[in-house]
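Asks: how would this look folded up:
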Amino acid sequence: MLNTFQQALHPMLPTVTHDEAARQEFTKSFKGFIQAKLLPGLGPVYGGRVSKAFEREHGRAPVDRRDIRTAMVDDLYFQHYASANRTAQELLWEATNISVERELPELIEKAKALSAGSSAVLDIPETFETPRYITALDIHCMPGGYATEVAPDDVSVGVLYDRGVYLYAMGYTGPMNDDMGRSVCNYVKRNLKGFSPKRILDMGCTVGHSTLPYAELFPDAEIWGIDVAAPQIRYAHARAAGVGLNVNFAQMNAEETRFPDGHFDLIVSHILLHETSGKAMPRIFDECARLLSPGGYMIHADLPPFDLMDPFTQFILDNETWYNNEPFWGAMRDTDQVALAEKAGFDRSEVRFDTAPMAVMEFAAQSGGYSEEAATAVAERDFTAGEFAPGGGWEVLIARKPLVQAIAA
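Replies: Residues are numbered from 1 along each chain as shown. Here you go, the predicted model:
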């Protein structure tokens with residue numbers, strides 16, 4: 001799919017000079033070049049020479065992603081690819097940060113004004129402690145990580161994330177960076193017939209990209225986005241107000257929230273699980289089980305577990321672990337998430353993986369404008385997720401809380 005649209009403007013995005021816009025567009029195009037031209041070459045390089053060299057040295061063929069990495073890491077073509085990918089990642093943040101730093105005082109004041117005009121809750125406790133697995137490194141190589149604050153009422157990393165994610169995804173998250181939320185909303189609409197949640201929670205929402213589609217699909221629902229990073233939450237609240245939506249946002253840890261038992265009918269997350277620690281993920285599943293009302297749904301959207309893909313694809317995806325400051329990426333994909341859900345109290349028969357087709361891909365596949373028939377036809381095709389986009393679909397883990405809880409013996 002040729003991606004030609006731009007990120008939709010809204011009041012919380014910084015203005016850019018001609019040169020800044022050109023630099024940012026270059027980083028997006030550079031990432032597109034790497035995905036379209038360099039990435040496809042890894043397969044022939046591996047099959048044509050690297051796997052054979054490994055077999056000569058070890059007396060056996062590579063059997064898993066670790067073997068493949070051992071074989072590939074010294075290959076010049078792979079080094080070229082990995083170096084270009086890391087350089088593109090660092091460039092996109094550098095190109096974006098120039099605009100953010102120049103306008104930060106004005107953006108902070110604008111965020112305060114927009115939030116003050118919203119009827120939705122903004123809850124940021126003074127004593128909240130952000131988990132170390134978030135503060136200890138710059139995830140995605142984003143300068144300062146998700147939670148750094150450089151000024152009172154800071155929103156800088158929220159602004160940086162909003163623009164940076166669009167460039168990182170090469171636009172495939174859509175003009176509002178909300179493709180994951182829209183894709184899951186479409187999935188709920190098509191597959192959970194008659195389900196109309198009254199309260200919805202988006203865990204690990206960062207700037208609320210994926211939170212806002214739920215406000216559109218379920219306008220009468222009480223909707224909350226939570227995140228451990230205060231500047232992301234401030235930005236999310238102001239951004240929502242800036243696009244005309246009143247959505248509640250709070251700084252909370254998904255491992256232990258401040259909501260009462262059974263408060264939500266639908267709990268969702270979007271690329272949260274691969275950015276939590278191995279100790280945190282079971283606690284998040286436990287918290288989902290506590291917070292859901294009987295018959296409510298937990299839906300976590302991410303990329304597929306490793307056991308659903310071949311070893312070479314695992315190797316490609318695991319490069320995020322090694323070269324993009326994603327320490328939990330590979331470990332999360334090795335985790336038995338169905339078993340975690342069952343241990344948290346979900347009936348195993350009500351837990352499954354499925355694919356939510358990317359909303360932006362469905363839109364692009366339609367000819368002659370939007371039609372429900374065309375969208376449905378695209379949705380029913382088989383999709384496989386790629387390195388990030390455009391793979392065609394998001395893998396979703398779906399679990400339903402039992403209507404009646406089993407009584408322990």
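
Asks: please enumerate the strands of this structure.
Replies: 122-123, 199-203, 222-227, 248-251, 264-270, 292-302, 351-357, 393-400 (DSSP state E).

Asks: tilt between the longest one and strand 351-357?
Replies: It refers to strand 292-302. Angle between the axes of strand 292-302 and strand 351-357 is 50 degrees (criterion: axes from the mean of the first three to the mean of the last three Cα atoms, to 10 degrees).

Asks: run the angle between strand 292-302 and strand 199-203 for me.
Replies: 40 degrees.

Asks: what's the nearest residue to residue 159 if we skip its chain neighbours?
Replies: Nearest non-adjacent residue to residue 159, counting by Cβ to Cβ, 6 or more residues apart in numbering: residue 100, 4.9 Å away. From N, CA and C alone the C-beta is placed, and that goes for glycine too.

Asks: correction: the previous question concerned residue 280.
Replies: residue 255 is the one closest to residue 280 (Cβ to Cβ, 6+ apart), at 5.4 Å.

Asks: just give the number of residues close to the one you found.
Replies: Around residue 255 there are 19 other residues, counting by other Cβ atoms under 10 Å.

Asks: can you tell me which residues contact it?
Replies: Residues near residue 255 by Cβ atoms under 8 Å, 6 or more residues apart in numbering: 131, 280, 283, 284, 287.

Asks: put the alpha carbons of stretch 280-290 into PDB.
Replies: Extracted as PDB, the C-alpha positions of stretch 280-290 are listed here (Å, rounded to 0.1, in the frame of the first residue of the first chain):
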ATOM      1  CA  ALA A 280       4.400  -7.100  35.800                       C
ATOM      2  CA  MET A 281       2.400  -9.000  33.100                       C
ATOM      3  CA  PRO A 282       0.800 -11.600  35.400                       C
ATOM      4  CA  ARG A 283      -0.200  -8.800  37.800                       C
ATOM      5  CA  ILE A 284      -1.800  -6.900  34.900                       C
ATOM      6  CA  PHE A 285      -3.900 -10.000  34.000                       C
ATOM      7  CA  ASP A 286      -4.900 -10.300  37.600                       C
ATOM      8  CA  GLU A 287      -5.900  -6.700  37.800                       C
ATOM      9  CA  CYS A 288      -8.000  -7.100  34.600                       C
ATOM     10  CA  ALA A 289      -9.800 -10.000  36.200                       C
ATOM     11  CA  ARG A 290     -10.500  -8.000  39.300                       C
END
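
Asks: what's the average pLDDT for it?
Replies: Averaged across stretch 280-290, pLDDT comes to 97.

Asks: can you check stretch 171-185 too?
Replies: Stretch 171-185 comes out at a mean pLDDT of 92.

Asks: neighbouring contacts of that stretch?
Replies: Taking Cβ under 8 Å, 6+ apart as the rule, stretch 171-185 contacts 1, 3, 5-8, 28, 162, 165-166, 169, 202, 209-214, 216-217, 243, 268, 270-271, 299, 301, 356-361, 388-390, 393-394, 396.

Asks: ends of that stretch, what's the gap?
Replies: 19 Å (Cα to Cα, to the nearest Å).

Asks: buried ones in that stretch?
Replies: For stretch 171-185, the neighbour count (16 or more other Cβ atoms under 10 Å) marks 171-174, 176-185 as buried.

Asks: show only the entries of those residues found in helices.
Replies: For the buried residues of stretch 171-185, the ones inside helices are 179, 180, 181, 182, 183, 184, 185, with DSSP state H as the criterion.

Asks: so which helix or strand of the protein has the lowest pLDDT on average?
Replies: helix 372-379 (a mean of 45; mean pLDDT, DSSP states H and E).

Asks: show me where the stretch 301-409 of the chain has helices.
Replies: Along the stretch 301-409 of the chain, the segments classed as helices by DSSP state H, counting those that start in this stretch run 311-323, 329-334, 337-344, 359-365, 372-379.

Asks: mind putting those helices into CSV with mean neighbour count?
Replies: What follows is those, written out as CSV (neighbours: other Cβ atoms under 10 Å):
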stretch, mean neighbour count
helix 311-323, 19
helix 329-334, 20
helix 337-344, 18
helix 359-365, 20
helix 372-379, 15
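
Asks: check the ones you listed for me: which has the lowest mean pLDDT.
Replies: helix 372-379 (a mean of 45).

Asks: which residues does stretch 309-320 contact?
Replies: Counting by Cβ under 8 Å, 6+ apart, 39, 42-43, 46, 62-65, 67-69, 72, 82, 85, 303, 306, 326, 329-330, 333, 387 sit against stretch 309-320.

Asks: same thing with stretch 23-40?
Replies: 3, 16, 80-81, 84-85, 88, 91-92, 95-96, 98, 163, 166-168, 170-171, 316, 387.

Asks: mind running it again at 7 Å?
Replies: 16, 81, 84-85, 88, 91-92, 95-96, 167, 170-171, 387 (Cβ atoms under 7 Å, 6 or more residues apart in numbering).
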